[in-house]
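1. After the sequence you'll find the predicted model.
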There are 2 protein chains.
Amino acid sequence: PQQLLSEPSREAPRARPYRVSTADRSVRKGVIAHSLEDLLHKVRDTLMLADKPFILVLEEDGTTVETEDYFQALAKNTVFMVLQKGQKWQPASEQGSRYQP
Amino acid sequence: PQQLLSEPSREAPRARPYRVSTADRSVRKGVIAHSLEDLLHKVRDTLMLADKPFILVLEEDGTTVETEDYFQALAKNTVFMVLQKGQKWQPASEQGSRYQP
């Protein structure tokens, strides 16, 4: 019998590209990850967070992403924001205003 | 006879992503749910509401969501707001004013 060419694999989700921003949107990096845990590790490395605690939220509206199933439902190229202790998500437009005189 | 390729499954609705906000919009979390009951359970867990009663409304205009069929008709990524006893829905713009001096 013929087999489907692109059968989705449910056991091992494929690595996909994401973008990760700092809380002040001054740095944004591209990373490949196959799971939320993988992404958390790579964010820690690439943004040099050492062992400081942080959470990931969606850059667009500050939605906290803390479960694997929710992470897997997100589109590739989703932009995340890292929030460390004391940092809060803010809409992009409000942050833009600090550049004005 | 020919069969439809993408026949929708009516018995088991697929789990879809949603976002849930607290009444003051200070916390917003992403959750996966396949039914309103499932969502209610996950909201209780993720927002640590213990056994306090609450309802879910649409974040955009305060529409109460209390039936399964209405829930299933909502788009994925719909933003819900949790209202506990004494809490009222308010438009985002009014709440935004607290950031002003």
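-> It's in. This structure is a prediction, so every number in the text was calculated from the model and none was measured.
2. max-length helix in chain A?
-> Within chain A, and with DSSP state H defining each element, the longest helix by residue count is helix A:36-46.
3. quick one: that helix near chain B?
-> No - against chain B, helix A:36-46 shows no contacts by CB under 8 Å from any CB of the partner chain, the least distance being 10.8 Å. From N, CA and C alone the C-beta is placed, and that goes for glycine too.
4. ok, and what's touching that helix?
-> Residues from elsewhere that reach helix A:36-46 (CB atoms under 8 Å, 6 or more residues apart in numbering or on different chains): A:15, A:18, A:20, A:29, A:31-33, A:49-50, A:54, A:56, A:65-68, A:71, A:80, A:82.
5. Go ahead and confirm residue A:23 touches residue A:81.
-> Yes - here residue A:23 reaches residue A:81: they are 6.1 Å apart, a contact under CB atoms under 8 Å.
6. so what's in contact with these two at the same time?
-> By CB under 8 Å, 6+ apart, the residues touching both residue A:23 and residue A:81 are residue A:89.
7. Show me what from chain A comes close to chain B.
-> Taking CB under 8 Å from any CB, the part of chain A that reaches chain B is made up of A:57-58, A:61-67, A:69-70, A:73-74, A:94.
8. Point out the least confident one among these.
-> Among those, residue A:94 has the lowest pLDDT, at 66.
9. just the helices in chain A please.
-> Going by DSSP H, chain A shows helices at A:36-46, A:68-73, A:92-96.
10. Reformat the ones you listed as JSON lines; add mean neighbour count.
-> What follows is those, written out as JSON lines (neighbours: other CB atoms under 10 Å in any protein chain shown):
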{"stretch": "helix A:36-46", "mean neighbour count": "16"}
{"stretch": "helix A:68-73", "mean neighbour count": "18"}
{"stretch": "helix A:92-96", "mean neighbour count": "10"}
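11. Pipe those helices into JSON lines and attach distance to residue B:45 per row.
-> Listed next are these as JSON lines, based on distance: least, CB to CB, whole Å:
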{"stretch": "helix A:36-46", "distance to residue B:45": "17"}
{"stretch": "helix A:68-73", "distance to residue B:45": "13"}
{"stretch": "helix A:92-96", "distance to residue B:45": "30"}
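12. ranking the ones you listed by mean pLDDT, which is last?
-> By mean pLDDT, the lowest-scoring of the helices of chain A turns out to be helix A:92-96, with a mean of 71.
13. Give the buried subset of the residues of chain A next to chain B as a ChimeraX selection command.
-> Applying 16 or more other CB atoms under 10 Å in any protein chain shown to those leaves a buried subset, and the ChimeraX line that selects it is:
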select /A:57,58,61,62,63,64,65,66,67,70,73,74
